[in-house]
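A.B. asks: let's see this in three dimensions:
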Amino acid sequence: MRGFFNLAVATAAAFVSQTIAAPIVVTPGDKGDIIITADNTVNATAPLDQQSTLSAQASPLTISFVNNFGDSQLNVYVTGHDTSGAVVMLGGDGAWYYPDPAGSASPVEITADVAHAMSGKGQTTDITIPDYLVSGRVWVSEGTLTFYTVVDGNGSPSLVEPAVANPSDPSVTVNWGFVEFTNTEEGGIYANLSFVDFAGLVMGMELALSSGETQKVEGLQQDAISTICDELKTQASSDGQPWDKLCVTNSDGTPLRILSPNIYASIDATAFSGYYDDYINQVWDKYTNEDLTINTQTDAGNVACRVSGDELTCENDNRGYPKPTVIDIWGCNSGPFAIQGTDNAVHSAVVPRLCSAFYRTTLLLDGGDLQPGLNSSNYYLSDPTCHYSRLLHKYESDGKGYTYSYDDVNPDGENAAGVVTGLNPTTVTLTVGGYSS
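C.D. replies: Got it, this is the predicted structure:
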């Protein structure tokens, strides 16, 4: 996981007043408009005097970029932590570039050569990652992204990334997307298409391992962003909820990206207020009189849970679960779904499975008393539900991709999260613009 720090540089009131619209129309600002939060900063995880450049035995990885997008100039950026924990970007010379804010606590624009130009439509561009990388992101943008650096509370450089939740971020009118990945000697590679915060520039991904095995996640269909925005508008008209406000456009109305409801709720805390209340009460009523069984998919096996008063409690769990709010369900990391350091293994296994059941609204379906149990064809069928995730999965070419933090919770044998993983990777291929239908 990434390490973060918080620095407030804008008031929430001003932020909300700029962004509540249907859809959100964005205009780029400058470094004075940057809002530095835990969601758009990457901190070093080792002291400066312990940071190095390459591991003793560097392990390069080739990433091939297939341009299936169009005539616009596409650029690639790579960010993450090197093997020492230092914050790095991939420089134009193929070596790690180490951002240096020169002690500044205010954002300093990175002007080094860190943008890697992709070849034109129909062509493939190979870029080599020089060594292992942790908490990495491979960014692809239609145009130029602007990154900044500041010192963190420990005096180490931090990277400030483009932020989708800030309508005045300097990069906000740029169309971009990214793939998240970690590649280590011990664990191999773990990469995913993530829509947890937003869906933007369409990409697909394929992994090749030295064993000859290949894994593929196709991502969103080529015209998915505009199509989903249209359907979110229809959904908003149907249920009166602000689904249409998740769409972000530039000044001429062209859709750029779709914010997750969790990110939108950080902009407008009143959005979707009470959305799940009736559903939660029905769940509480149902499981007051019968067991909810959680398959922990660990050595703990199945655990029985039952509502008693204000809490759902599970056998061998160190603490119970009060009723969640809509924010708790969107994020799966607050209220009853916040995992504490003192929680036992059962609790840590129940949280993602219980939150997923609320998020996908499967708890009241036939067979919903076993979680996870129902296959993905049963997700998002009941109202209320998360129509952001429903529509993203609908327009994913193969139905795979993280649309919230625990989308990897599935019955045994299913993979809805769009993860590729394995030891000794040789090549990752990113198809930018999506696969042709």
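A.B. asks: so what are the domain limits for this protein?
C.D. replies: 12-223+419-432, 277-383 (automatic domain parsing).
A.B. asks: and the last one, how far out from the chain's middle?
C.D. replies: For domain 277-383, the gap between its own C-alpha mean and the chain's C-alpha mean amounts to 22 Å (Cα atoms, centre = their mean, to the nearest Å).
A.B. asks: got it, and the first one?
C.D. replies: Put simply, domain 12-223+419-432 sits 12 Å off its chain's centre (Cα atoms, centre = their mean).
A.B. asks: can you pull up the most central residue in this protein?
C.D. replies: For the chain, the residue nearest the mean C-alpha position is residue 196 (3.2 Å; Cα atoms, centre = their mean).
A.B. asks: need the pLDDT of it.
C.D. replies: Looking at residue 196, its pLDDT reads 93.
A.B. asks: got a list of what it touches?
C.D. replies: Counting by Cβ atoms under 8 Å, 6 or more residues apart in numbering, residue 196 touches 260, 262, 402-405, 407. Just so you know, the C-beta spots here come from the backbone N, C-alpha and C atoms, and that holds for glycine as well.
A.B. asks: how close does it sit to residue 67?
C.D. replies: In this view, residue 196 and residue 67 are 26 Å apart by Cβ to Cβ, to the nearest Å.
A.B. asks: so where's the stretch 301-437 of the chain shaky on pLDDT?
C.D. replies: For the stretch 301-437 of the chain, the stretches with pLDDT under 70 are 437.
A.B. asks: now the strands for it?
C.D. replies: Using DSSP state E, counting those that start in this stretch, the strands of the stretch 301-437 of the chain run over 302-308, 311-314, 321-322, 370-371, 419-422, 425-432.
A.B. asks: and residue 305, what are its bridge partners?
C.D. replies: Under the criterion DSSP bridges, residue 305 forms beta bridges with residue 292, residue 314.
A.B. asks: number of residues surrounding it?
C.D. replies: Neighbour count of residue 305, defined by other Cβ atoms under 10 Å: 21.
A.B. asks: looking at the strands of the stretch 301-437 of the chain, which is closest to residue 166?
C.D. replies: Taking Cβ to Cβ, strand 425-432 is the member of those nearest to residue 166, at 24.2 Å.
A.B. asks: and for the closest one, what's in contact with it?
C.D. replies: 61-69, 74, 118, 138, 140, 179, 181, 183, 188-189, 191, 201-210, 219, 420.
A.B. asks: try stretch 240-257
C.D. replies: The contact list for stretch 240-257 (Cβ under 8 Å, 6+ apart) reads 20-27, 164, 167, 172-173, 175, 198-200, 225-226, 229, 232-233, 235-236, 258-261, 264, 268, 271-272, 275, 387-388.
A.B. asks: quick check: buried residues in that stretch?
C.D. replies: Neighbour counts using 16 or more other Cβ atoms under 10 Å place 241-250, 255-257 of stretch 240-257 among the buried residues.
A.B. asks: what sits against residue 174?
C.D. replies: 141-145, 162.
A.B. asks: rerun at 10 Å
C.D. replies: For residue 174, the contact set (Cβ atoms under 10 Å, 6 or more residues apart in numbering) comprises 28, 75, 141-146, 162, 200-201, 250, 256-257.
A.B. asks: check residue 205 too.
C.D. replies: By Cβ under 10 Å, 6+ apart, the residues touching residue 205 are 63, 138, 179, 181, 191-193, 215-219, 400-401, 418-420, 428-431.
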